[in-house]
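Trainee: 3D model of this:
(one chain, ligands or ions: 1)
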Amino acid sequence: MSPGRTDRDIPGAVHAALLSHFGPLHWWPGESPFEIALGAILTQNTSWSRVEIAMDGIREKGLLDAHALHALSDDELAELIRPSGTFRIKAGYVRTFLSWLVGSHEGDLPAALAGDTAKKREELLALRGIGRETADSILLYAGGHPVFVVDAYTRRIFSRHGFVARGAPYDHIRTWFEDRLPAAPEVLNELHAQIVSVGKDFCRPRNPRCETCPLRVLGEPDLRR
Ligand code: SF4
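Mentor: Numbers count the residues shown, from 1 in each chain. Next up is the predicted model:
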């Protein structure tokens, strides 16, 4: 980066550079908080395109609703989410999430997610099948909490440039970003979307396109990372 910039400036400078390159991405992975949360659970270990097939099927049947899905049998629920892969396991995760949402919060996800961020994270992490990345995706995109979502793209890009260790604990990387960015959901939302775009378009596991990448400004990467 430019002379005089410190490690603390990196996330903000990355955000600015990518805003200049991509323009505003307005990324929002779903049309309602419930759809976003369901998508966050289903997208584990599969591509978003497969999740979209499952979501389209659920929507077409008029079942994109916590109470409607909760009323289904386990077999019916599993069949609905089959396109997202490992569907019996994921049906168990969705069932646990729905039992929490309907049983403890009357199916009202915005109300369920309202309150202290750390407490809500712990509440979600206590549900079987919701790990840290999924919990933070739900908190940020469905609940509007100011959290940074760490994914494989984040690890790859920022480890290649030496800012984080690729295998560092999730919360270490999350707080590295959060300590250096405003606690503004719209900024954290946009930066995550930008990082996903860089990861897909440029920073691929093999043959990364460094020559044309907007993050060349970060300096020489170590592509062995
Ligand atoms: S410059 Fe290369 S290593 Fe750095 S983010 Fe872009 S593609 Fe990845």
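Trainee: From the recorded domain assignment, give the ranges for the chain.
Mentor: As recorded under automatic domain parsing, the domains making up the chain are 7-26+148-218, 33-142.
Trainee: Export the ones you listed as a markdown table, with columns for distance to residue 225.
Mentor: Any C-beta I mention is one placed from the backbone N, CA and C, and that applies to glycine too. Output for the domains of the chain, formatted as a markdown table (distance: least, C-beta to C-beta, whole Å):
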| stretch | distance to residue 225 |
| --- | --- |
| domain 7-26+148-218 | 5 |
| domain 33-142 | 20 |
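Trainee: of all those, which lies closest to the ligand?
Mentor: The ligand lies closest to domain 7-26+148-218 among the domains of the chain, at 3.1 Å (C-beta to the nearest ligand atom).
Trainee: one step back: adding mean pLDDT and mean neighbour count as columns, could you present the domains of the chain in a markdown table?
Mentor: Converted to a markdown table, the domains of the chain look like this (pLDDT from 0 to 100; neighbours: other C-beta atoms under 10 Å):
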| stretch | mean pLDDT | mean neighbour count |
| --- | --- | --- |
| domain 7-26+148-218 | 95 | 16 |
| domain 33-142 | 96 | 17 |
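Trainee: Identify the single longest helix in this protein, thanks.
Mentor: helix 87-105 (DSSP state H).
Trainee: Need the contact partners of stretch 47-57.
Mentor: Residues outside stretch 47-57 that contact it (C-beta atoms under 8 Å, 6 or more residues apart in numbering): 29-30, 35, 38-39, 42-43, 64, 80-85.
Trainee: Using the three-state scheme, assign the nearest residue to residue 196 once chain neighbours are set aside.
Mentor: What sits nearest to residue 196 in space, not counting adjacent residues and going by C-beta to C-beta, 6 or more residues apart in numbering, is residue 153, at 5.6 Å. Classification of residue 153 using DSSP: H, G, I helix; E, B strand; the rest coil returns helix.
Trainee: surely residue 153 meets residue 203?
Mentor: Yes: under the criterion of C-beta atoms under 8 Å, residue 153 makes contact with residue 203 at 6.9 Å.
Trainee: before we move on, the earlier item: pipe the contacts of stretch 47-57 into a markdown table and attach distance to the ligand per row.
Mentor: Listed next are the contacts of stretch 47-57 as a markdown table, based on distance: C-beta to the nearest ligand atom, whole Å:
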| residue | distance to the ligand |
| --- | --- |
| 29 | 22 |
| 30 | 27 |
| 35 | 31 |
| 38 | 31 |
| 39 | 26 |
| 42 | 28 |
| 43 | 23 |
| 64 | 36 |
| 80 | 38 |
| 81 | 33 |
| 82 | 35 |
| 83 | 31 |
| 84 | 29 |
| 85 | 28 |
